[in-house]
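K.L.:
Give me coordinates for this.
(2 chains)
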Amino acid sequence: AQTVTQSQPEMSVQEAETVTLSCTYDTSESDYYLFWYKQPPSRQMILVIRQEAYKQQNATENRFSVNFQKAAKSFSLKISDSQLGDAAMYFCAYRSPGRAGKSTFGDGTTLTVKP
Amino acid sequence: GAGVSQSPSNKVTEKGKDVELRCDPISGHTALYWYRQSLGQGLEFLIYFQGNSAPDKSGLPSDRFSAERTGGSVSTLTIQRTQQEDSAVYLCASIFGHSNTGELFFGEGSRLTVL
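P.N.:
Residues are numbered from 1 along each chain as shown, chains lettered A, B, ... in the order given. The predicted model follows:
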C-alpha cells in the first residue's frame, strides 16, 4: 500500500516571501500522480497543482511550483511571493493510475502567512 | 450539478442515534470517496466506489459505518449508534473515472457533532 508523509505539521511564512512544504511517499508503482490540495478555513478542498510521475519536468502554476524527485520519492511544494490568502492546510496526495486508482493523503501542513 | 454537493452541512445528534450523510457527486463522475477529518487533522480514508466494481471498504472504522451508492450517483454514508468519537467532518469527493489527471473534486463536507 502507498503511504504519504508530510513531516511538517505547521509552517509559517512572511507575506511576500517563499516557503517550501515537504512531502515524501512510498510506492512500488512506476506510474502514478501526485497532487497538492489546499484546504482554507472555509473547509472546501481545492487542487493547487498536480504532477505526473512520468514527466521529468516539474509542474508550475503561477506562484506555485513543485520539486519532484522520483528516485527519492519526494514531492515538495514551493509557494513564492506568499499572500495572506495562501493561509490554509495543505495536503499532499498520491493516486495510482487507471480506473481503479485510489487516492492517499498525507496528514497535512498548516501554513500561516504573517503580514 | 456544478460541484459535489453534501448534506447536511452540519448535524448535531445525541449519542446512540443513527445519522445519514448524503453526497451528490458531479454528474458523470464514476468514482466517489468518503473521508473523515477530525478537527485540524488529516484525511482518513473511509470508503471508495468505482463504477460497478465492489466498493473498497477497507477504511471503515467499525461495523457501525456503512455506505451505499445508488444508481452509480448519489451516495449515503450511514453511522449507526453514534459515539462521541464519531464527531468530525465527513468529506465526499468524486472523480471522473476515465480521467488521466486524477484530480479529486471535493464537497464542503458534513460536520457531525455527537453530544
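K.L.:
okay, now the residue in chain A that chain B sits nearest to: neighbour count?
P.N.:
In chain A, no residue comes nearer to chain B than residue A:107, which is 3.5 Å away by CB to the nearest CB. All C-beta atoms are positioned from the backbone trio N, CA, C, and that covers glycine. Counted by other CB atoms under 10 Å in any protein chain shown, the residues lying close to residue A:107 total 17.
K.L.:
Which strand or helix spans it?
P.N.:
Assigned by DSSP states H and E, residue A:107 belongs to no helix or strand.
K.L.:
Past the lowest-mean-pLDDT helix or strand in chain B, which element shows up next along the chain?
P.N.:
The least trusted helix or strand in chain B, going by mean pLDDT, DSSP states H and E, turns out to be strand B:44-50, with a mean of 90. Following strand B:44-50 in sequence order, the next helix or strand is strand B:65-69 (DSSP H and E).
K.L.:
by contact count, what packs against the helix or strand just after that following strand?
P.N.:
The helix or strand immediately downstream of strand B:65-69 is strand B:75-79, counting by DSSP H and E. If you count contacts as 3 or more CB pairs under 8 Å, 6 or more residues apart in numbering or on different chains; DSSP states H and E, strand B:75-79 packs onto strand B:19-24, strand B:31-37, strand B:44-50, strand B:65-69, strand B:88-95.
K.L.:
can you do 6 Å?
P.N.:
strand B:19-24, strand B:65-69 (3 or more CB pairs under 6 Å, 6 or more residues apart in numbering or on different chains; DSSP states H and E).
K.L.:
winner for burial among these?
P.N.:
Of the helices and strands packed on strand B:75-79, the one with the most neighbours on average (mean count of other CB atoms under 10 Å in any protein chain shown) is strand B:19-24, at a mean of 19.
K.L.:
Name every strand pairing with that one and say which way it goes.
P.N.:
strand B:5-7 (antiparallel), strand B:75-79 (antiparallel) (DSSP bridges).
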